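> Quick one: sequence and predicted model below, then my questions.
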Amino acid sequence: MTTTIGAPLNRIDARLKVTGAARYSAEMPVKNVAHAVLIQSTIANGRIADIDTAAAEQSPGVLLVMTHRNAPKLGGKQKSVQQPGEDYPLLQDDAIHYNGQHIGVLVAETFEAATHAARLVTVRYDEDKSVVRLGQVLDKLAVPQHFRGGARLPDSSRGNPDQEFVAAPVKIDQTYQTPIEHHNPLEPHAVIAVWTGDELVVFHSSQSVAGSHKTIAGHLGISDDKVRTVSHFIGGGFGSKGSTWPHVTIAAMAARIVNRPVKLVLTRRQMYTSNGFRPQTRQHLRLGADRDGRLIALRHDSLSHTASFGEWVEPCGLSTEIMYSCPNLGVSHRVAPTDTGIPTFMRAPGEASGMFALESAMDELAEALAIDPLELRLRNYAEQDEHEKLPWSSKSLKQCYERGAAAFGWNKRERQPGSMRNGDLFVGWGMASATYPMNRSKASATVRLQADGRAIVQCATQDIGTGTYTIIAQVAADAIGLPVERVTVQIGDSNFPEAPVSGGSQTAASVTPAVDAASRDIRKQLVDLATTGSFKGLRSEDLDVVDGAVVVKSDPSRRAEIGTLLAGRDALTATKGAEPGDEKKQFSMHSFGAHFVEVHVDPELGEVRVARYVGAFAAGRVLNAKTARSQIIGGIVYGLGMALTEETDLDHRSGRVLNGNIAEYLVPVHADVPDIEVILIEEQDPHVNPLGVKGMGELPMVGVAGAVANAVFHATGKRIRYLPIRPDKLLRTA
Amino acid sequence: MYPFTYVRGDDRQAAVALAAEPGTEFLAGGTDMLQLLKDEVRRPRRLVEITSLSGMSEISSGPQGLRLGALARMADVADHPAVRDEYPVISQALLASASPQVRNMATIGGNLLQRTRCAYFRDTAMPCNRREPGSGCSAIDGENRLHAVLGGSDHCIATHASDLAVALVACDAVVVVTGPSGEQRIKLEDLHLLPGETPEKETVLQPGDLITAVEVPPLAFARRSLYRKVRDRASFEFALAAAAVALDIDGGTIRQARVALGGVGTKPWRSHEAEKALTGAKLETASFEKAAAAALAAARPLHQNGFKIILAQRTLIRALLTVGA
Amino acid sequence: MSDWDVSRRGFLQTTALTSGGFAFAQFVDRHGALAAEPEAAPSESAPARQRVTLQVNRTSHELTLDPRTTLLDALREHIGLTGAKKGCDMGACGACTVHLDGKRVVSCLTLAASAEGRRITTIEGLAEGDELHPMQAAFVEHDGFQCGYCTPGQIMSAVALVGEGRAASDDSIREFMSGNLCRCGAYPNIVAAIKSVAGGRA
Ligand SMILES: Cc1cc2nc3c(=O)[nH]c(=O)nc-3n(C[C@H](O)[C@H](O)[C@H](O)COP(=O)(O)OP(=O)(O)OC[C@H]3O[C@@H](n4cnc5c(N)ncnc54)[C@H](O)[C@@H]3O)c2cc1C
Ligand code: SF4
Ligand code: FES
Ligand code: FES
């Protein structure tokens, strides 16, 4: 029996992607499509006093200008089912909540006509004062009302952290800050809305087709089954395509009015005000330790900002709760409204920002005690989840530390900052830990085995670049007993059996158990069929399915082909769901990893370049060694951007995004990224889910910024506590 | 984009005559023009595409120096053996600019005339004196980390973005212009204007003026020249600070020097002050430090760009140390 | 009733019939409305247009375009070649990279009219029939992508880079590929893919 699970298979959709044949949402060849362009506010707070659309309406080719004045009144709720706690502006009133809010949409015959005419709409505002930075709203901080959708508490503690901190012999007491960051998937959000009668098909770039069609239906006040979301290929999302943002519904509204399919693609600039962001944070870390570096007390108090019309909180402290052994620990989250759009999930929301702070603070503690940073972490290794008082379902962080350190050569590190050189450049070695929770939701899948020996798997999940297509094929192939080439995977369509959002690194853990269950059912049906047909008289236990044929275990030369067994039938079909039980009550489930990085810093010019990177990760079972490695590399690169270059600049007076493009919002380019050595540590974890997978998408980004900041400190003796670490900060810091 | 008509110029004089009419602009590689058209910062009614004009793409070198046709592409100039060997500073400045794709499209003439990257300038929703005279400068009290510390006024502090212009201005380049009133030769140093009270006036060129070539006089010691650019990420970004330097060295003494700075000035910033400080000075770090201090003596920091004063000095010192070595 | 049948049952039937390793292309073909001729008939109120003939992948396309149309939009919206991607529309990401007379350029900053009379090659024109170009094959093998959106641009750029002689070292590849952003961070795999092709040539 050949197994494909785990093998480094090439992606099954690779050919489509390298030939340009893979069609992303805006590329679906829909006939007679009209082009829509959003009109956005240019102030941050106030009301629309007057809006003049006459010039735009008279511009050649224009079909519709829709603003709050003439937009259909939506009976439905204006909330996203995927992101509770927010009220979307959907052209229903004249209120402006942030700069860049949608205030209208224009539809025209061509893209060129639409983009120009949209700019001819002139608006007079009654403008109110606005505040757009966290630093301006520190007096408005409050306890979050919808923290993690109610699933977690914003404040939690164990022991007596405040008192024990005061008493601790060694203390670190510092504040760390992270800026606004934007996901910037390379594919801009795109929608084509097609009405047929009262049914709507929406092609749009979505990390959650199943959630999307419900959200749109909810907005429009029609029933879910009238709306179908299709998203076959998604050009990256990183959280920004997890919720269904207002432009999708707006496109559907416009399509209804012009009575034609409407295509709406956000411009890169609009991507900065249309689909959330990682909010600015300030995190106060207090670490108290004994002289051997053992933590006695730990507090992590985080501030972040949200929109005036909804609450979204960056949950910075959650990793801190479980990361290290410490008897006295407290975590809190506070949030204040600003006149900005609403933040959202961005790759490792909370973990990425929070672990920058925690891992920087741990490094500061190591420095204060003159202990090796890795040794400090080992001394504080958590043998169980001390917060929930649960055993780990599996944890291989020690192996990650060991193997990562060995591959990197960590033991050759000179402890003293500023002591290592490469020519005139200062060399710094930094490390940090990574952790991410195992998430899993209910999912189902349909598998259909055809007489031609091919299986088709259908599931309303999606592949955002993570390799979902491929791992589904692998899991189904193994479970049925088919060569992987004989599996067709159909996903990205809300008509298929329901699956959760591709967020929280949960897709593999949620979807593959359902695919596995449905596939096993097919295998069983097939074998049962054989016992009444080709192998009458034998029992099911005597048979196996190998390479697409039923064989007799004791004599594999006796085979029955699927076509023969299914003679006269169309196909075998099975739909199965899989969902988590109460295993999270018995075990604490997390992935872990370790980062080791070498930076070269030009001491006079402040240039920081990453020279070398080793990451070691343990996240349960690896379904595809090739795509898993790619995801890890991708997460690290994302983290390097966070560490060194990414920051969204807002004009502090108007809230206008100033670098709302991808030239000045600096994501890493080829030249920023060295070779990255990935070490994958396989874990057998029977508790997390039937396939033992934990999810790989976000974990590798967690800790990168801390590791880099620690390396920069090691190189220069300068501690940068406010990301990103750009030359000006190094020049300013003594 | 505002609607425009598109004409291909295939004759130099005709192109000039067309472009002299109001509402008409030249289009070369289009890499800056298309950005500005899309953002509706520029609204010409007619574009005259000039890339098919003959005799404007050649790159030649000889005893009279280097001649770069205004339509020569950045990539071709950067790779030209004469440029690489005799004026490395020019080749390096080009290779440190934009991306390979943009360099395959963008022309030398267009590069010199590219507009500032000031975010307020490129966003028609924001006040900006350079774009809309009298509307106010959003940057002076706004976000100005990337703005100029040299040559600014109370009306505008936008950085000139070109790397190439910095290298060329250090080499005493001259711009050859054909206009409605005939041909003229303008020192590159005099091409761009300081913002003063009229930041909207960026160059001395008049409507219809067509740059046909850039000439770089012979400069033997330009073989010992260098462009050093500092940016936040390793590539594909405009300069935080940059220095173009060439040194004429006689034993341990500097006979002559050429110095220009990028990323810090409202125009390509030739520093005669630094050159003066270097002329006759000893080839040592202390001389470089003095020159750097002289170059930035007139710098005026705003609340976010003060670091550029230090950074530009250190960049210049580094460039001098490297070519001096 | 439009020719594109969105009823639930209609759809499931069609998809259930599909076969082939990867079913999506077939899904498109089976739907009448999803046909490969997206150009809309110009309406009367449309803005001024001009005729432009583009030579793409050795095929000539006569188009009537708004003069403002970029080469990228002409390819994607008018010719139906959606391989070149729009990531930023401002020259900053490289997703729209195509070859003009053999040189890599960003098609989003090129007017369609300016590309007239020039040889345009897109990702769709790279493979010889069913045979992938070696660079495409190397990207598959080295997993030089995740979401795939930057991929056509990366590949077009990579092919040009090898031709330019810039694949001599890792650092050179990285520098001269820096006009192609990959937000999924596939950079190390892309470098490996390029090396495997360039190495094979040297
Ligand atoms: C993403 C990106 C990154 C970039 N990064 C850098 C960088 O790091 N460093 C850098 O220096 N530059 C950079 N640039 C700018 C780039 O170098 C310029 O856009 C380019 O050089 C302009 O040349 P062009 O031929 O495309 O000019 P066009 O866009 O065609 O024209 C620019 C202007 O010059 C005028 N013009 C053009 N040619 C002539 C002529 N012969 N006579 C008279 N007028 C003329 C046009 O009318 C127009 O006003 C970048 C550009 C992009 C898109
Ligand atoms: S610095 Fe100049 S270009 Fe920028 S906003 Fe001020 S006036 Fe405009
Ligand atoms: S779309 Fe052309 S460079 Fe980004
Ligand atoms: S593969 Fe997604 S952007 Fe490169």
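The structure has been received and is ready for your questions. Ligands and ions are numbered 1, 2, ... in the order given.

> how close does the residue of the stretch 151-300 of chain A found nearest ligand 1 get to ligand 3?
Scanning the stretch 151-300 of chain A for the residue nearest ligand 1 gives residue A:268, at 11.6 Å (criterion: Cβ to the nearest ligand atom). C-beta: built from backbone N, CA, C; applies to glycine. From residue A:268 across to ligand 3, the span is 8 Å (Cβ to the nearest ligand atom, to the nearest Å).

> Report pLDDT for that residue.
pLDDT recorded at residue A:268 is 98.

> With adjacent residues omitted, what lies nearest to it?
residue C:88 (4.5 Å; Cβ to Cβ, 6 or more residues apart in numbering or on different chains).

> Now for that neighbour: which residues touch it?
If you count contacts by Cβ atoms under 8 Å, 6 or more residues apart in numbering or on different chains, residue C:88 has them with A:268, A:661, A:662, A:663, C:95, C:108.

> what's near enough to touch the first one?
Residues counted as contacts of residue A:268 (Cβ under 8 Å, 6+ apart) are A:188, A:660, A:661, A:662, C:87, C:88, C:89, C:90, C:92.

> ok, the fourth one touching residue A:183?
No - proximity of residue A:662 to residue A:183 does not meet the contact threshold set by Cβ atoms under 8 Å, at 11.4 Å.

> Let me see the contact set for residue 71.
If you meant another chain, say so; for now it's chain A. A:90, A:91, A:92, A:253.

> oops, I was thinking of chain B
Going by Cβ under 8 Å, 6+ apart, residue B:71 touches B:28, B:50, B:51, B:53, B:56, B:57, B:107, B:108, B:109.

> Take those and keep only those in helices.
Those of the contacts of residue B:71 mapping onto helices are B:108, B:109, per DSSP state H.

> secondary structure class for residue A:229?
State at residue A:229, reduced to three classes by DSSP: H, G, I helix; E, B strand; the rest coil: strand.

> What ranges does the stretch 101-250 of chain B have for its strands?
Secondary structure of the stretch 101-250 of chain B (DSSP state E, counting those that start in this stretch): strands at B:174-179, B:182-187, B:210-216, B:225-230, B:241-250.

> how about these, which one is nearest residue A:303?
strand B:225-230 (33.0 Å; Cβ to Cβ).

> okay, the angle between that closest one and strand B:241-250?
160 degrees (axes from the mean of the first three to the mean of the last three Cα atoms, to 10 degrees).

> For strand B:225-230, buried residues please.
Within strand B:225-230, the residues scored as buried using 16 or more other Cβ atoms under 10 Å in any protein chain shown are B:225, B:226, B:227, B:228, B:229, B:230.

> Equivalent analysis for stretch A:153-168, please.
Neighbour-count burial for stretch A:153-168, with 16+ other Cβ under 10 Å as criterion, is recorded at A:154, A:157, A:158, A:159, A:161, A:164, A:165, A:168.

> now, which of those lie within helices?
Per DSSP H, the subset of those in helices is A:161, A:164, A:165.

> circling back: ok, of the buried residues of stretch A:153-168, which one's closest to chain B?
Of all the buried residues of stretch A:153-168, chain B sits closest to residue A:154, with 31.9 Å by Cβ to the nearest Cβ.

> Of the contacts of residue A:71, which is the most crowded?
In terms of neighbour count, residue A:91 stands highest of the contacts of residue A:71 at 26 neighbours, by other Cβ atoms under 10 Å in any protein chain shown.

> what residues does the stretch 151-300 of chain B put near ligand 2?
Taking Cβ under 6 Å from any ligand atom, the part of the stretch 151-300 of chain B that reaches ligand 2 is made up of B:156, B:157, B:158, B:199.

> The last one against residue B:152, yeah?
In this case it means residue B:199. No - counting by Cβ under 8 Å, residue B:199 does not reach residue B:152; the two are 9.4 Å apart.

> any residues in contact with both of those two?
By Cβ under 8 Å, 6+ apart, no residue touches both residue B:199 and residue B:152.

> which stretches of chain C aren't confidently modelled?
Along chain C, the parts satisfying pLDDT under 70 run over C:1-47, C:200-202.

> I'd like the distance between residue B:144 and residue A:658.
10 Å (Cβ to Cβ, to the nearest Å).

> I figured residue A:639 hits residue A:705, correct?
Yes - contact criterion Cβ under 8 Å: residue A:639 and residue A:705 qualify, at 5.8 Å.

> From the contacts of residue A:268, pick the one nearest ligand 1.
Distances from ligand 1 to these, taken by Cβ to the nearest ligand atom, are shortest for residue C:92, at 4.2 Å.
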